[in-house]
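1. Sharing a sequence plus its predicted fold:
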Amino acid sequence: MLVLMIVTSQARADEPSFRVLFYNVENLFDCEKDAGKEDGEFLPTSMRRWGYRRFNEKLEHIARVIISAGEWEPPVLVGLCEVENDSVLFQLTRRSSLRRQDYQYVMTNCADVRGIDVALLYRPERFRLLSYHSYPVVFQDTTIRPTRDLLHVTGLTLRHDTLDIFVCHLPSKVRSGSQEARLVALSQIKAKIDSLYTVRRNLHLLLMGDFNTDYKDADIKEVLQTKALEGSVSPGALYSLFPSSFPEPTKGSYKYIDSWSLIDQIYANGLLLQPRVEAGTFQPAWIYAPDFLQEKDKKYGGTKPFRSWAGKKYTGGYSDHFPVCFDL
């Protein structure tokens, strides 16, 4: 609110897997009031009774997802959204069981009224941070409420290739003017990507996030000019890393009422994909949905994400989204 069959890439024998994960963690708030932010519902005295026991349980749940998604090798890059501030990321990376993985992080500090941001965790022994920038999404229509910034991170891989990553969390469909807001955000993402091509001789690009609309949506294809992976690839084109369909019972990363959609997405440009696609060794991205992240959907049938909240009631789950993964 970014399948039971899990695809595992066969890494080269002399090189560990470079796994990328994106996860909307559903309202990772601390227990303190932030001045100027609408976070009052996530306090110990609020209707949600959001205290330190529940907060620490949430941290451990997120840590479990990240570690288990890595299988034998923890993900090198982890994009996150719906994280409140630096405090929650410090506690996630230093006070939860994730501390053993020595993740570092960068994040936005945006004008979203609820105070939620996007972030990127990275393992410094596999990804050397060079720079990061937080770009606000600017609306000409002043009636549209501020949204999350676009996070741009640049770093070096072990092979000394420069990798540019964008992490985003586009406006929700439940807000007034949301379609217009998403179009503006998509246009600004496209502009930032295009500008990189003017300064990078060989641009290796990843874009991931919660787009709050399905990856087959016409707006995404039209504005970002995304393409499906069919045959050879063009170095400068942007490609969706997901197959055209998913097997039962999990058909997406998010379930609204009885309908699944893949709103959590990962894209890459052709230059990053070209060596593997041309050689016929490409493995698509996948939805990470082990049994512990699911629960039975008693109302609509099948399963659904085991979320932290059912309305205002704390259910003790993980998130209302499944993570998505990709192996470089």
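-> Sure, I can see it. Residues are numbered from 1 along each chain as shown.

2. residues making contact with stretch 107-120?
-> Contacts to stretch 107-120, defined as Cβ atoms under 8 Å, 6 or more residues apart in numbering, come from residues 27, 29, 34, 37-39, 77-86, 89, 105-106, 132, 134, 136, 145-151, 153, 165, 167-169, 209. C-betas here are computed from N, CA, C, even on glycine.

3. hmm, 7 Å instead?
-> With contact meaning Cβ atoms under 7 Å, 6 or more residues apart in numbering, stretch 107-120 is reached by 34, 37-39, 77, 79-86, 89, 105-106, 134, 136, 145-149, 151, 153, 165, 167-169, 209.

4. filter these to the buried ones?
-> 34, 37, 39, 77, 79-85, 89, 105-106, 134, 145, 147-149, 151, 153, 165, 167-169, 209 (16 or more other Cβ atoms under 10 Å).

5. All the strands of the stretch 151-300 of the chain, residue numbers only.
-> 162-169, 205-210, 226-227, 238-240, 254-256, 259-261, 264-269, 286-287, 294-296 (DSSP state E, counting those that start in this stretch).

6. buried sites along the fifth one?
-> If I follow you right, that is strand 254-256. So for strand 254-256, counting by 16+ other Cβ under 10 Å, buried means 254-255.

7. what about that strand, average pLDDT?
-> What strand 254-256 shows for mean pLDDT is 95.

8. Check the second one too.
-> When pLDDT is averaged over strand 205-210, the result is 98.

9. do the first one as well
-> Throughout strand 162-169, pLDDT has a mean value of 97.

10. and if you look at the last one?
-> Taken as a whole, strand 294-296 has a mean pLDDT of 96.

11. in it, what's buried?
-> Gln294.

12. Run through who's touching that strand.
-> Against strand 294-296 from outside (Cβ under 7 Å, 6+ apart): 303-306, 317.

13. If we use 8 Å, what do you get?
-> So strand 294-296 is in contact with 250, 303-306, 317, going by Cβ under 8 Å, 6+ apart.

14. Output these in TSV; the columns should cover neighbour count and pLDDT.
-> Listed next are these as TSV, based on neighbours: other Cβ atoms under 10 Å; pLDDT from 0 to 100:
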residue	neighbour count	pLDDT
Thr250	22	60
Thr303	17	94
Lys304	24	95
Pro305	23	97
Phe306	19	98
Gly317	20	97
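
15. Please narrow those residues to those residing in strands.
-> 303-305 (DSSP state E).

16. Just say helix, strand or coil for Glu41.
-> When classified by DSSP: H, G, I helix; E, B strand; the rest coil, Glu41 comes out as coil.

17. What does it show for phi and psi?
-> Torsion angles at Glu41 (phi, psi; degrees, to the nearest 10) stand at phi -70, psi -10.

18. neighbours around the closest residue to it other than its chain neighbours, how many?
-> With Cβ to Cβ, 6 or more residues apart in numbering as the criterion, Glu41 has its nearest non-adjacent residue at 5.4 Å, and that residue is Arg48. Per other Cβ atoms under 10 Å, the neighbour tally for Arg48 reads 20.

19. now swap in the one 5 residues further on and tell me
-> One way to gauge burial is a neighbour count; for Arg53, by other Cβ under 10 Å, it gives 11.

20. same check, this time on Ala218
-> 8.

21. how much space between it and Arg182?
-> Relative to Arg182, Ala218 is positioned 12 Å away (Cβ to Cβ, to the nearest Å).

22. now do Ile62
-> Taken as Cβ to Cβ, the span from Ile62 to Arg182 is 26 Å.

23. How about Glu73?
-> 35 Å.

24. So these two - more neighbours on which side?
-> Taking neighbours as other Cβ under 10 Å, Glu73 and Arg182 compare with Arg182 leading, 24 against 14.

25. For the residue of the chain positioned farthest from its centre, give me phi and psi.
-> The C-alpha centroid of the chain is most remote from Thr45, which lies 30.3 Å away (Cα atoms, centre = their mean). Dihedral angles of Thr45 (phi, psi; degrees, to the nearest 10) stand at phi -90, psi 0.

26. that older thread, just the ones in helices from the buried ones among the contacts of stretch 107-120, please.
-> Leu89 (DSSP state H).
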